[in-house]
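[1] need coordinates for the following:
(one chain, ligands or ions: 3)
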Amino acid sequence: MLDFVFDAPKKREDAAIAVLLNHFDDLEESRVVKKIGKGIADCLKNALVAEDIKSGSKAVLKTYHGEVPCFAFEVDDEHPLKFGAKIYSSLRKYMNATLYVMDKLSGEYMEKLLIGMENANYSFDKYMTKKKPEDFDKLETVNLINAQQPDMEKIAALTNAVRYARDLGNEPANRLTPYEFIKDVERLNYLDLDIEILDEEAMKQENFGLALAVAQGSCNPPYTAVLQWHGNPKKKEFDCGLVGKGVIYDSGGLSLKTASQMRSMKQDMSGAADVVSVMKAAALQKLPLNLVAVVTMVENMPSANSYKVDDILTSMSGQTVEVLNTDAEGRLALADALWYIQKRFKVKTLIDIATLTGAASVVFGGLYAAILGNDDKLIQSLMKSGETVDELLWQLPMNPEYDKWINSSVADMQNIGKRGKAGTATAAAFLQRFIHKSTKWAHLDIAGCECDEKTQVSTGFGVMLLCDYIEKLC
Ligand code: BES
Ligand code: ZN
Ligand code: ZN
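    Ligands and ions are numbered 1, 2, ... in the order given. As a prediction, the model looks like this:
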């Protein structure tokens with residue numbers, strides 16, 4: 001994590017300087033000149049004129065004061081996280097930087113700003129054996145002048161959780177099998193989390209019929225992890241239950257994807273990565289509430305042993321499912337996990353998060369995740385959290401008509417709806433058949449949001465959002 005130092009006396013020369021202003025025009029004001037010094041203020045003012053940058057444009061102003069690079073930014077009131085990322089990307093090549101905060105920013109704003117910086121301080125380069133030192137980011141220390149100090153422990157917990165989810169998402173499936181994933185999660189027991197692992201045998205005992213069918217084509221056996229956080233031990237109930245899609249690799253199975261569709265399918269476990277990361281964040285912060293999470297980890301592969309189109313499966317709930325496409329595997333694994341968590345625990349609200357349908361990615365292009373569910377208040381709260389952390393959600397309808405589309409002529413339901421039609425909503429309709437009437441439930445389809453479009457690197461989308469939501473439950 002970046003080392004954020006508040007109003008410390010100067011120990012060494014700045015490698016870079018950055019000034020945060022409301023408007024570039026403020027460079028004329030004497031209070032600003034006094035704080036940053038006339039030399040730097042003059043340099044910035046000259047650059048403003050030379051580059052014809054308008055006050056209010058929110059451009060990045062860069063110049064040099066002697067050898068030292070100097071930046072000025074106009075504060076983005078609405079999006080502190082994005083603003084933090086923007087500052088980081090300007091400063092990433094310098095060992096240390098001093099950030100002058102000219103106008104008071106609230107503790108809450110500072111918290112988001114620093115999280116934005118730290119979340120931008122991420123790269124997945126552990127497998128690059130030839131990367132040169134000059135290619136690495138150098139920024140280590142950020143001295144903050146005139147800034148309110150936010151809750152640094154909270155910042156550390158949240159950014160740690162986001163990093164954890166990204167690391168899991170980026171790890172390829174040859175290195176992160178269901179077993180490796182579960183081993184990694186087990187290491188979280190250094191925190192006060194209760195962690196249980198169900199292996200294939202235990203999953204058979206518990207009748208994970210749908211999840212086991214998805215997994216049977218792979219030589220890497222499935223596992224389920226159950227994580228509990230008891231931050232409010234006086235209460236028996238869980239304030240929230242979380243379920244994440246954990247498809248370690250989605251080749252499509254016998255309904256095999258094309259080569260280009262298979263790209264990034266190592267990240268089809270991003271929902272599970274999010275869920276365990278949120279549990280980690282809750283434990284790191286010792287949040288005073290109770291949470292339970294279930295992730296079922298499977299690999300969807302074609303083989304002589306794969307489940308097949310036309311197969312009829314029996315779920316843990318007892319309902320039967322006709323398989324019409326083995327690539328609609330996520331909903332199968334999720335259905336059993338959703339049933340299991342409701343059967344075993346008292347959960348008031350239940351949220352699942354999944355890279356479930358290509359249709360969500362087609363509709364929103366990664367700018368929004370789809371949200372559906374049976375409780376408007378829950379959906380509204382989650383959408384609000386999404387806005388707070390720049391992880392936007394857009395609601396799609398749970399029209400009972402979509403539910404009819406998954407009726408099968410030979411089983412209780414089929415695993416897909418109508419070809420090319422409302423794929424995200426029919427997937428949600430499928431999941432709803434495994435939700436108790438009394439459970440308040442929301443489903444987040446994050447397909448397209450889980451990885452950066454350009455680099456394909458995992459974003460950890462959903463961690464900040466769910467952390468914001470559960471913090472507000474406290
Ligand atoms: N994991 C995919 C969905 C996905 C696609 C996530 C692209 C991220 C990016 C899911 O398991 C899948 O293959 N869904 C199918 C369902 C179809 C067969 C009804 C899809 O969306 O094409
Ligand atoms: Zn699939
Ligand atoms: Zn999938």
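
[2] and for the residue of the chain at minimum distance from ligand 2, nearest residue in space, chain neighbours not counted?
    Nearest residue of the chain to ligand 2: Asp327, at 3.8 Å (C-beta to the ion). C-betas here are computed from N, CA, C, even on glycine. Take Asp327 and drop its neighbours on the chain: the residue closest to it by C-beta to C-beta, 6 or more residues apart in numbering is Gly252, 4.0 Å away.

[3] ok, now Glu186?
    Per C-beta to C-beta, 6+ apart, closest to Glu186 is Ile195, 5.8 Å.

[4] Arg163 now?
    Tyr122 (6.3 Å).

[5] just to be sure, the one you found is in a strand?
    No: looking at Tyr122 with DSSP: H, G, I helix; E, B strand; the rest coil, it is coil, so not inside a strand.

[6] correct me if wrong: it contacts Arg166.
    Yes: in this structure, Tyr122 is within contact of Arg166 by C-beta atoms under 8 Å, at 6.2 Å.

[7] the more surrounded of these two?
    Arg166 (27 against 19; other C-beta atoms under 10 Å).

[8] list the contacts for the more buried one?
    If you count contacts by C-beta atoms under 8 Å, 6 or more residues apart in numbering, Arg166 has them with 122, 124, 273, 457-460.

[9] what subset of these is also close to ligand 3?
    Contacts with ligand 3 within the contacts of Arg166, counted by C-beta under 5 Å from the ion: none were found.

[10] which ones among those residues map onto strands?
    Per DSSP state E, strands hold no members of those.

[11] select from these the one having the most neighbours.
    Ala273 (32 neighbours).

[12] look up phi and psi at the residue lying closest to that one once chain neighbours are set aside.
    Nearest non-adjacent residue to Ala273, counting by C-beta to C-beta, 6+ apart: Leu168, 3.9 Å away. Note on Leu168: backbone dihedrals following degrees, to the nearest 10 are phi -60, psi -40.

[13] number of residues surrounding Leu168?
    Neighbours of Leu168 using other C-beta under 10 Å come to 24.

[14] try Asp403
    Around Asp403 there are 18 residues (other C-beta under 10 Å).

[15] which parts of the helix or strand hosting it are buried?
    Assigned by DSSP states H and E, Asp403 belongs to helix 400-405. Neighbour counts over helix 400-405 (16 or more other C-beta atoms under 10 Å) mark 402-403, 405 as buried.

[16] now for that helix, which elements pack on it?
    helix 423-432 (3 or more C-beta pairs under 8 Å, 6 or more residues apart in numbering; DSSP states H and E).

[17] check the offset of the following helix or strand past the helix it packs on from the chain's centre.
    The element immediately downstream of helix 423-432 (helix or strand, assigned by DSSP H and E) is strand 440-445. Averaging C-alpha positions (C-alpha atoms, centre = their mean, to the nearest Å) puts strand 440-445 15 Å from its chain's average.

[18] and if you look at stretch 350-365?
    13 Å.

[19] what about the residue nearest to Glu186, how many residues nearby?
    Applying other C-beta under 10 Å, we find 18 other residues in the vicinity of Ile195.

[20] which SS class is it?
    strand.

[21] wait, it sits on Asp184?
    No: contact criterion C-beta under 8 Å: Ile195 and Asp184 do not qualify, at 11.0 Å.

[22] out of the buried residues of helix 400-405, who's near ligand 1?
    Of the residues in the buried residues of helix 400-405, proximity to ligand 1 by C-beta under 6 Å from any ligand atom holds for none.

[23] just the closest of those residues to ligand 1, please.
    Of all the buried residues of helix 400-405, ligand 1 sits closest to Trp405, with 11.2 Å by C-beta to the nearest ligand atom.

[24] ligand 3 versus the closest residue to the closest one other than its chain neighbours, what's the distance?
    Distance criterion C-beta to C-beta, 6+ apart; nearest residue to Trp405, sequence neighbours excluded, is Gly417 at 3.9 Å. Separation of Gly417 from ligand 3 (C-beta to the ion, to the nearest Å) stands at 16 Å.

[25] so Gly417 belongs to a helix, correct?
    No: counting by three-state DSSP, Gly417 falls outside a helix, being coil.

[26] that one contacts Ile406, correct?
    Yes: Gly417 lies in contact with Ile406 (C-beta under 8 Å); the separation is 5.5 Å.

[27] which residues do those two both contact?
    426, 429.

[28] what are the buried residues along stretch 203-210?
    203, 206-210.

[29] ok, so of these, who is nearest His443?
    Leu210 (16.4 Å; C-beta to C-beta).

[30] any idea which helix or strand comes after the helix or strand hosting that closest one?
    For Leu210, the element it lies in under DSSP H and E is helix 209-215. Using DSSP H and E, the helix or strand that follows helix 209-215 towards the C-terminus is strand 223-230.

[31] residues in the stretch 101-250 of the chain within reach of ligand 1, list them.
    So far as C-beta under 6 Å from any ligand atom goes, the stretch 101-250 of the chain lies against ligand 1 at Asp250.

[32] just the helices from the stretch 101-250 of the chain, written as ranges.
    Along the stretch 101-250 of the chain, the stretches classed as helices by DSSP state H, counting those that start in this stretch are 107-120, 152-170, 178-186, 200-205, 209-215.

[33] most packed of these?
    For those, average neighbour numbers computed from mean count of other C-beta atoms under 10 Å are highest in helix 209-215, which has a mean of 27.

[34] report whether that one contacts ligand 3.
    No: under the criterion of C-beta under 5 Å from the ion, ligand 3 is not reached by helix 209-215; the shortest gap measures 9.3 Å.
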